[in-house]
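Student: Sequence plus predicted model, see below.
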Amino acid sequence: MSTSTSAPSAVPDPVSEPAPTPIAERAAAPATLAIPTAGNLTWRPATREDAPAWLLLRNHIARADAEPYVETLEEIEELFDGAWRDMAADSLLGFSTSPADDGALVAWAQVECPPGDVTEVRAFTWGGVHPDRRGEGIGRELLAWAIGRGRQKLAASGKDVPARIAVFAEDDAPASKHRLYERAGMTPRRYYSDLARPLTGPDAAPVPEVALDGTLRLVPWSAELDEATRLAHNDAFRDHWGSQPQTPGQWAQRAGFAPDWSFVVVDDAPDVDALLALPDTDDATAAALRAGEPLVVGYQLAGRYPEDFAVRGYSFGYTDILGARRAYRGRRIALAALAAGMRAFASDGMQYAALDVDTANPSGAHGLYASLGYVKTTGSRMLSIEL
């Protein structure tokens with residue numbers, strides 16, 4: 001959920017970049033995966049029917065580790081909807097064999113490779129162990145399984161580009177969790193800040209009024225503009241570290257999405273010839289321009305997460321993604337969309353507006369958010385094995 005409002009970073013000349021070793025070699029994928037033996041658990045892949053029990057375990061872990069959020073059944077069930085996921089091969093659930101526990105779910109892992117990856121290919125790992133069963137070696141063996149499965153998926157991708165096996169962790173997670181990842185060879189690579197600003201009360205800064213120039217127009221998000229918004233997002237994040245294009249299938253998965261809190265900026269009369277002449281205009285955008293389809297140039301898509309209100313101690317609207325097309329930066333487009341979102345949050349009685357940002361974002365986003373009254377509430381990090 002990083003944000004994008006910046007001028008593009010310098011892009012290395014691809015001609016000068018040496019060709020990477022084939023991913024099948026770099027991934028060093030194991031022929032078979034060792035199923036964990038620690039803890040005397042029984043293991044099998046996750047199914048949709050496991051979603052309620054899986055949710056209970058994940059949220060119990062979240063509460064025990066003081067994470068700043070909980071998950072919803074919708075978010076768990078959505079994992080079984082992505083056509084690119086193979087949950088039978090990419091997930092593992094561990095159940096107690098003790099009669100006293102009645103076969104309770106006590107550990108889980110999942111691995112995913114986003115299908116839209118182009119210039120780098122990534123395998124993300126997630127997992128957890130019930131707090132009462134920690135210290136038995138379950139987490140270490142489960143992480144080894146997940147990393148091994150990540151290597152297999154990277155090797156099978158056939159994408160001979162830089163590769164990464166990654167995991168996310170809260171900065172305030174138990175030190176044992178950070179040690180677990182680092183002992184597995186995962187190194188902190190990127191840090192993120194979760195920010196919030198009050199919408200009501202004496203400490204609430206005014207929400208700015210932003211006038212758009214020329215043929216730019218701010219409108220509520222609509223299903224008819226969703227594909228154009230996806231194309232805008234892929235362009236906006238093209239020069240951001242760790243970001244890759246989203247396919248329509250990926251884009252469609254957005255549990256918690258709040259359409260009534262989301263806004264886009266369209267250009268009613270784009271200079272089609274000038275945009276087509278830009279070397280970075282992607283094929284899908286070029287086709288849409290030639291067809292005369294609407295051009296979304298900026299967006300603020302928000303999420304509604306009422307389950308997290310009690311965790312944070314206040315109600316809030318969350319800006320999941322914010323950005324502007326690179327050719328349109330410097331025209332206050334992202335700010336206009338963000339301000340519209342804040343007003344929508346406030347009109348529905350939300351006490352705060354929240355979002356998260358990459359701390360190394362080159363756009364100066366931190367300065368923008370600070371000027372709007374956003375302050376850091378929590379932090380997280382990405383740890384990875386780079387291949």
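Tutor: Looks like it arrived, so ask away.

Student: buried sites along the one helix or strand Val219 maps to?
Tutor: If you go by DSSP states H and E, Val219 is part of strand 216-220. Within strand 216-220, the residues that count as buried by 16 or more other CB atoms under 10 Å are 216, 218. Glycine gets a C-beta too; all of them are placed from N, C-alpha and C.

Student: now stretch 193-201
Tutor: Within stretch 193-201, the residues scored as buried using 16+ other CB under 10 Å are 193-199.

Student: Farthest-apart pair in those residues, please.
Tutor: By the measure CB to CB, Ser193 and Leu199 form the most distant pair in these, at 19.1 Å.

Student: Mind checking the pLDDT average for the lengthiest helix in the chain?
Tutor: Looking across the chain with DSSP state H, the single longest helix is helix 138-157. Average pLDDT, helix 138-157: 96.

Student: Could you export it as PDB, CA atoms only?
Tutor: Backbone C-alpha positions of helix 138-157 (Å, rounded to 0.1, in the frame of the first residue of the first chain) are rendered in PDB as follows:
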ATOM      1  CA  ILE A 138       7.800 -25.400  14.500                       C
ATOM      2  CA  GLY A 139       8.400 -21.900  13.100                       C
ATOM      3  CA  ARG A 140      11.900 -22.700  11.900                       C
ATOM      4  CA  GLU A 141      10.900 -25.800  10.000                       C
ATOM      5  CA  LEU A 142       7.700 -24.100   8.600                       C
ATOM      6  CA  LEU A 143       9.700 -21.200   7.300                       C
ATOM      7  CA  ALA A 144      12.200 -23.600   5.700                       C
ATOM      8  CA  TRP A 145       9.300 -25.200   3.900                       C
ATOM      9  CA  ALA A 146       8.000 -21.800   2.700                       C
ATOM     10  CA  ILE A 147      11.400 -20.700   1.500                       C
ATOM     11  CA  GLY A 148      11.800 -24.000  -0.300                       C
ATOM     12  CA  ARG A 149       8.400 -23.600  -1.900                       C
ATOM     13  CA  GLY A 150       9.300 -20.100  -2.900                       C
ATOM     14  CA  ARG A 151      12.400 -21.300  -4.600                       C
ATOM     15  CA  GLN A 152      10.400 -23.900  -6.500                       C
ATOM     16  CA  LYS A 153       7.900 -21.300  -7.700                       C
ATOM     17  CA  LEU A 154      10.600 -18.900  -8.800                       C
ATOM     18  CA  ALA A 155      12.400 -21.600 -10.700                       C
ATOM     19  CA  ALA A 156       9.100 -22.600 -12.400                       C
ATOM     20  CA  SER A 157       8.300 -19.000 -13.400                       C
END
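
Student: which strands and helices sit next to it?
Tutor: If you count contacts as 3 or more CB pairs under 8 Å, 6 or more residues apart in numbering; DSSP states H and E, helix 138-157 packs onto helix 23-26, helix 87-90, strand 91-95, strand 105-112, strand 121-129, strand 163-170, helix 175-183.

Student: in it, what's buried?
Tutor: Neighbour-count burial for helix 138-157, counted by 16+ other CB under 10 Å, picks out 138-139, 141-155, 157.

Student: Can you classify the nearest residue to Glu209 once chain neighbours are set aside as helix, strand or coil?
Tutor: Nearest non-adjacent residue to Glu209, counting by CB to CB, 6 or more residues apart in numbering: Ala339, 7.4 Å away. Here Ala339 is helix, with the state taken from DSSP: H, G, I helix; E, B strand; the rest coil.

Student: got a list of what Ala339 touches?
Tutor: Ala339 makes contact with 207-210 under the criterion CB atoms under 8 Å, 6 or more residues apart in numbering.

Student: Same check on Ala286?
Tutor: Residues in contact with Ala286 (CB under 8 Å, 6+ apart) are 275-276.

Student: I'd assumed it was in a strand, is it?
Tutor: No. Counting by three-state DSSP, Ala286 falls outside a strand, being helix.

Student: Backbone dihedrals for Ala100, both of them.
Tutor: Main-chain dihedrals, Ala100, degrees, to the nearest 10: phi -70, psi -20.

Student: and if you look at the one 3 residues further on?
Tutor: According to degrees, to the nearest 10, the main-chain angles of Gly103 amount to phi 70, psi 30.
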